[in-house]
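[1] Need coordinates for the following:
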Amino acid sequence: MLVAAIVLLAVAVALGLVVGARYLTATEFMPYQAAVLGKSWAELEPRLQTVILAMLRVVGGAFIGLALTIAWLSFALFEGVRWAPWAILTIAAVMLAPALYSTLALRKIEATAKTPVAPTVLAMALIAAGAIVALLA
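    Have a look, this model is predicted:
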């Protein structure tokens, strides 16, 4: 069962690295953000573009940080450290709950915006399932 837990967490880690890299390397805001704002990237003044890119880098770094933290804690799981699943759940909740709230709040403002609700929920489900399976192992 421990292998299953680590596989679930590894998928979440891979997802986090991909999402983090996407935000870290973005050269403009995401299409869903344009939909919510109702403006294209070119319509924004350069200073606002700089602020938005800075925030995208923070988000990207946070996703990569979460992914790497879960990867490291997976080693602790493999070694049988009993507090590791709780640490994984806590750290993921602190990062992903606000991410989910934000994606839902933006969609509330603009219902047609394709905010990343599904990937966020998928990440939460993978991490929760991995941690629960590890607790039961």
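[2] So which bits of the lengthiest helix in the chain are buried?
    Scanning the chain for the helix with the most residues, using DSSP state H, yields helix 46-78. For helix 46-78, a neighbour-count test (16 or more other C-beta atoms under 10 Å) marks 52, 56, 59-60, 62-64, 66-67, 69-71, 73-74, 76-77 as buried. Yep, even glycine has a C-beta here, placed from its N, CA and C like the rest.
[3] between these, which is closest to M1?
    L77 (10.9 Å; C-beta to C-beta).
[4] my read: that closest one touches I6, true?
    Yes - with contact defined as C-beta atoms under 8 Å, L77 counts as touching I6 (6.3 Å).
[5] what is in contact with these two at once?
    A134 (C-beta atoms under 8 Å, 6 or more residues apart in numbering).
[6] ranges for the helices of the chain?
    Counting by DSSP H, the helices of the chain are 2-24, 31-37, 46-78, 84-109, 117-136.
[7] residue contacts, the residue lying closest to T112 once chain neighbours are set aside?
    Ranked by C-beta to C-beta, 6 or more residues apart in numbering and with sequence neighbours excluded, the top spatial neighbour of T112 is A35, at 6.1 Å. The neighbourhood of A35, defined by C-beta under 8 Å, 6+ apart, consists of 110, 112-114.
[8] I am finished for the moment; much appreciated.
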